[in-house]
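Participant: Give me coordinates for this.
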Amino acid sequence: MEEYFICPECGSDDVEVIRERGRELTLKCNECSNIWHVTLPKLIKVPLIVSKHERSFRTFVELPEGEEIKVGDIVETEDDEVRITGIELEGEKRVNKGMIGEIKTLWGESLTYPKVIKVSIYLPKGVTQAFRVKVGRDEEFVVGEVLEVGGYTFRIEKIKTETKMLRHGKARADKIVSIMGHSIPRARARRSLEIYRGYGRESR
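Facilitator: Okay, the predicted model is just below:
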């Protein structure tokens, strides 16, 4: 876990560690030559279950004792960036936030993995065609844009995010659960979406 220091005298971040003894550090500011001492917090290994679509992997994350963590926070493991989706205390009690040291298990979603979104396309006679598609987490989807998936062209009419249903505007894929719209067979699609084939068949 990389530490980042700022000089308490001048506010510069041009700081070097001139002595290290366990968690005790002596720091020097290269701007104003101020020298001061800090004690790094004790790091605790917290079990972390990382979701990559339908597969989950057990790992751990090192976090500073006594600090608060909440659902939505992002933590870093050795090889991944993970957004916290669940926190469990002793006794299998689920909470939205907790203190490091009291937490039994964290759950999270890998942010280095593509996002899978459900697509529902409304066809004539009340038929709905559904797909799951794989998209980059930074991609944006806009109500009104025309897309193609699996040979069907459709216009987005609604975007369901983790917190609300959008009938106007846009959203980032990372926050989207599903997109919906009516088929428009002869329209020109702005882009095509890749159908999700299941964990293990993906190109990263």
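Participant: Buried ones in stretch 92-108, by neighbour count?
Facilitator: Residues G98, I100, I103, T105, L106, W107, G108 are the ones in stretch 92-108 that count as buried (16 or more other CB atoms under 10 Å). For the C-beta atoms, the positions are set from N, CA and C on the backbone; glycine is no exception.
Participant: If you could redo that for stretch 14-23, that was the one I meant.
Facilitator: So, applying 16+ other CB under 10 Å, buried residues of stretch 14-23: V15.
Participant: next one: stretch 150-163
Facilitator: Neighbour counts over stretch 150-163 (16+ other CB under 10 Å) mark Y152, T153, F154, R155, I156, I159, K160 as buried.
Participant: Then stretch 52-67?
Facilitator: The neighbour-count criterion (16+ other CB under 10 Å) identifies K52, H53, T59, V61, L63 as the buried residues of stretch 52-67.
Participant: Filter those down to the ones in strands?
Facilitator: K52, T59, V61, L63 (DSSP state E).
Participant: any chance of the residues you listed in a markdown table, with distance to K164 too?
Facilitator: Output for these, formatted as a markdown table (distance: CB to CB, whole Å):
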| residue | distance to K164 |
| --- | --- |
| K52 | 26 |
| T59 | 32 |
| V61 | 30 |
| L63 | 30 |
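Participant: tell me which of these is nearest to E76?
Facilitator: Nearest to E76, judged by CB to CB, of these is V61 at 7.3 Å.
Participant: now this protein, which segments are flagged as low pLDDT?
Facilitator: Low-confidence segments of the chain (pLDDT under 70): 1-3, 199-204.
Participant: Quick check: most distant residue from the centroid of it.
Facilitator: Relative to the C-alpha centroid of the chain, counting by CA atoms, centre = their mean, S33 is the outermost residue, at 39.3 Å.
Participant: Now do the SS call for that residue.
Facilitator: Here S33 is recorded as coil under DSSP: H, G, I helix; E, B strand; the rest coil.
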